[in-house]
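Engineer: no letters, just coordinates:
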Ligand SMILES: CC(=O)N[C@H]1[C@@H](OP(=O)(O)OP(=O)(O)OC[C@H]2O[C@@H](n3ccc(=O)[nH]c3=O)[C@H](O)[C@@H]2O)O[C@H](CO)[C@@H](O)[C@@H]1O[C@H](C)C(=O)N[C@@H](C)C(=O)N[C@@H](CCC(=O)O)C(=O)O
Ligand SMILES: Nc1ncnc2c1ncn2[C@@H]1O[C@H](COP(=O)(O)OP(=O)(O)OP(=O)(O)O)[C@@H](O)[C@H]1O
């Protein structure tokens, strides 16, 4: 290892070296390496230690830990994208390898597109173990560990579960003060999970590593699944809406979905795997899957409880670098989209008060909104709604006296709307839940549907 230097194109193998969990401290260590380079150690800390685990629970924790090790490796694998993947210390079966190949190839889709790489057929997880027997039920509690991200979506879920009387703990990964403030504002029990990336990754980035987006939602999901087992909670709840399943359509390339790991294909594959291979009574689902972004925005607008606390602007969440002074940068695709999506459902002064300005009356934001509308541009690589949602929201605003004189609404009405079918601009159909694809427990969905419709 002495004298080893990160040289991206010379690396032959990415190694999953080992993983371990210490029940006394609640710290998980996830260890990787490129060839014979230094060990890359990521840590995840679950509060609540020491954990006393019986035989079946301890075995399930070990399975969840390995799954987390395998998924979290994506941050380091992407640095060199070497031809070989090696798993040391344990073996995986074909089912596990298939899940990982799906997550790596699709979850790195935007990364591959931006770097001009083709990952199809290139990512192979070696599998040597016989098929794993079906995981047993552990007798987990009817309690929801709900991921909170500081934005509107998870707050909609949390308030829906509160109304329906489901007991919950709100959980988040990392040290964001903004998320902590939102979590405190819920008044519910909280669980803040620690995560430290291996420090060498930042050196590798400076030394020419491939870099780009990783499937962070499935990674957070694997962390919450581990935490749920340790705390005996039977449900891991995310807030990924239907719109997340649709990517950006790129001419000459096809669909590239920034938020693939928020989409239905990932939720289904990951959720089914957990029940099959980790614990039969560990239920992973997104409470907002049947809803569009616009339906979530309408739901959020019904209460002003979080107006002074939440933000959907991802610039708040950088590990390194600057954050917006007032929670909303006002110039990124998420700020653009959230402003537009909330506008049909909120009094204008309230919305302008939340973001601190009226983005729809600022001609400097024209390109940003054109991309959301998929007008001469593709949908941005961010967690934003479908183009048809943005167009329907603009069309609704063009009918409202308080909005229709604003520069970008006026421009839409004059320039873009005449090119579109009136039927495609109706907002109402986009607000209807679609219950054909979701994993929400049946008994809960019936009541939830009524809650969303109220
Ligand atoms: C906050 C953010 O949007 N970060 C993305 C950004 O990263 P950037 O380089 O500007 O800074 P940092 O986030 O501070 O990260 C520094 C480097 O660390 C590496 N890295 C970070 C986290 C991780 O889990 N693995 C890593 O390898 C990486 O090399 C960073 O350069 O741009 C990156 C490249 O496009 C993105 O990967 C960063 O995204 C974070 C992983 C992140 O947490 N982003 C969420 C806010 C986010 O995008 N959520 C999605 C959900 C969709 C999904 O599941 O994919 C969304 O809201 O769109
Ligand atoms: N740091 C985090 N820890 C755990 N879960 C997170 C974290 N950040 C986001 N999530 C979860 O990941 C999912 C996707 O995040 P996303 O940013 O879309 O949601 P949000 O923050 O609730 O709302 P918004 O779309 O308005 O930003 C949500 O379920 C969210 O709760």
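Structural biologist: The structure has been received and is ready for your questions. These numbers come from a predicted model, not from an experiment. Numbers count the residues shown, from 1 in each chain. Ligands and ions are numbered 1, 2, ... in the order given.
Engineer: excluding its backbone neighbours, what's nearest residue 224?
Structural biologist: Excluding the flanking residues, the one nearest residue 224 by CB to CB, 6 or more residues apart in numbering is residue 236, at 4.8 Å. (C-beta placed from N, C-alpha, C; glycine too.)
Engineer: same question, residue 271
Structural biologist: That would be residue 284: by CB to CB, 6+ apart, it lies 4.1 Å from residue 271.
Engineer: next secondary structure after the helix or strand hosting the one you found?
Structural biologist: Here residue 284 is covered by strand 283-286, with elements defined by DSSP states H and E. Once strand 283-286 ends, the next helix or strand along the chain (criterion: DSSP H and E) is helix 293-301.
Engineer: how about that next one: buried residues?
Structural biologist: 293-301 (16 or more other CB atoms under 10 Å).
Engineer: including distance to residue 40 and pLDDT, could the residues you listed go into a markdown table?
Structural biologist: What follows is the buried residues of helix 293-301, written out as a markdown table (distance: CB to CB, whole Å; pLDDT from 0 to 100):
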| residue | distance to residue 40 | pLDDT |
| --- | --- | --- |
| 293 | 36 | 95 |
| 294 | 41 | 97 |
| 295 | 41 | 96 |
| 296 | 37 | 97 |
| 297 | 40 | 97 |
| 298 | 44 | 97 |
| 299 | 41 | 97 |
| 300 | 39 | 98 |
| 301 | 44 | 97 |
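Engineer: gap between the two ends of stretch 228-248?
Structural biologist: 33 Å (CA to CA, to the nearest Å).
Engineer: ok, it near ligand 2 or not?
Structural biologist: Yes. For stretch 228-248, a contact with ligand 2 is found by CB under 6 Å from any ligand atom, at 238-240.
Engineer: in strands, which of these appear?
Structural biologist: Here DSSP state E is the test, and the residues of stretch 228-248 next to ligand 2 give residue 238 as lying in strands.
Engineer: which pLDDT value belongs to the residue nearest to residue 301 when sequence neighbours are not counted?
Structural biologist: Sequence neighbours aside, residue 345 is the residue nearest to residue 301 in space, at 3.8 Å (criterion: CB to CB, 6+ apart). For residue 345, the pLDDT comes out at 98.
Engineer: residue 345 is in contact with residue 295, isn't it?
Structural biologist: No. With contact defined as CB atoms under 8 Å, residue 345 and residue 295 do not form a contacting pair (9.8 Å).
Engineer: in the sheet, who's paired with residue 237?
Structural biologist: Beta-bridge pairing for residue 237 (DSSP bridges): residue 146, residue 285.
Engineer: ok, residues contacting whichever helix in the chain runs longest?
Structural biologist: The longest helix of the chain (DSSP state H) is helix 55-72. The contact list for helix 55-72, computed with CB atoms under 8 Å, 6 or more residues apart in numbering, reads 16, 19-21, 28, 30, 42, 44, 53, 87, 90, 92, 96, 100, 103, 125, 135-136, 138, 218-219, 222-223, 225-226, 229-230, 232, 273-274, 277-279, 282.
Engineer: buried set for stretch 98-109?
Structural biologist: For stretch 98-109, using 16+ other CB under 10 Å, the buried residues are 99-109.
Engineer: format those residues as TSV; extra columns: distance to ligand 1, secondary structure and pLDDT.
Structural biologist: Below are the buried residues of stretch 98-109 laid out as TSV (distance: CB to the nearest ligand atom, whole Å; DSSP: H, G, I helix; E, B strand; the rest coil; pLDDT from 0 to 100):
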residue	distance to ligand 1	secondary structure	pLDDT
99	16	helix	98
100	16	helix	98
101	17	helix	97
102	14	helix	96
103	11	helix	98
104	13	helix	98
105	14	helix	96
106	10	helix	95
107	7	helix	96
108	10	coil	96
109	10	helix	93
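Engineer: biggest separation within the buried residues of helix 293-301, which pair?
Structural biologist: Spanning the widest gap among the buried residues of helix 293-301 are 293 and 301, at 12.6 Å by CB to CB.
Engineer: how many other residues sit next to the residue nearest to residue 271?
Structural biologist: 24 (other CB atoms under 10 Å).
Engineer: doesn't residue 233 make contact with it?
Structural biologist: No. With contact defined as CB under 8 Å, residue 284 does not reach residue 233; the gap is 11.2 Å.
Engineer: quick one: the strands in the stretch 151-300 of the chain?
Structural biologist: 168-173, 190-196, 233-238, 248-250, 254-256, 283-286 (DSSP state E, counting those that start in this stretch).
Engineer: tell me the contacts of the residue nearest to residue 301?
Structural biologist: Going by CB under 8 Å, 6+ apart, the list of residues near residue 345 reads 297-298, 300-301.
Engineer: 10 Å instead?
Structural biologist: By CB atoms under 10 Å, 6 or more residues apart in numbering, the contact set of residue 345 is 294-295, 297-302, 351, 393, 396, 427, 431.
Engineer: format these as JSON lines; extra columns: distance to ligand 2.
Structural biologist: Shown next, in JSON lines, are the contacts of residue 345 (distance: CB to the nearest ligand atom, whole Å):
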{"residue": "294", "distance to ligand 2": "12"}
{"residue": "295", "distance to ligand 2": "13"}
{"residue": "297", "distance to ligand 2": "9"}
{"residue": "298", "distance to ligand 2": "13"}
{"residue": "299", "distance to ligand 2": "12"}
{"residue": "300", "distance to ligand 2": "8"}
{"residue": "301", "distance to ligand 2": "12"}
{"residue": "302", "distance to ligand 2": "15"}
{"residue": "351", "distance to ligand 2": "14"}
{"residue": "393", "distance to ligand 2": "15"}
{"residue": "396", "distance to ligand 2": "20"}
{"residue": "427", "distance to ligand 2": "19"}
{"residue": "431", "distance to ligand 2": "17"}
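Engineer: which positions in the stretch 101-250 of the chain make contact with ligand 2?
Structural biologist: Contact residues, the stretch 101-250 of the chain versus ligand 2 (CB under 6 Å from any ligand atom): 147-154, 172-174, 179, 217, 220, 238-240.
Engineer: after the top strand by length along the chain, which helix or strand is next?
Structural biologist: Identified as the longest strand of the chain according to DSSP E is strand 13-22. For strand 13-22, the succeeding helix or strand toward the C-terminus, using DSSP H and E, is strand 27-34.
Engineer: okay, buried residues for the next helix or strand after that next one please.
Structural biologist: Per DSSP H and E, the first helix or strand lying C-terminal to strand 27-34 is strand 40-45. Residues 40-42, 44-45 are the ones in strand 40-45 that count as buried (16+ other CB under 10 Å).
Engineer: average pLDDT for strand 40-45?
Structural biologist: For strand 40-45, mean pLDDT is 98.
Engineer: just checking: what are the partner strands of that strand?
Structural biologist: For strand 40-45, pairing defined by DSSP bridges yields strand 27-34 (antiparallel), strand 190-196 (antiparallel).
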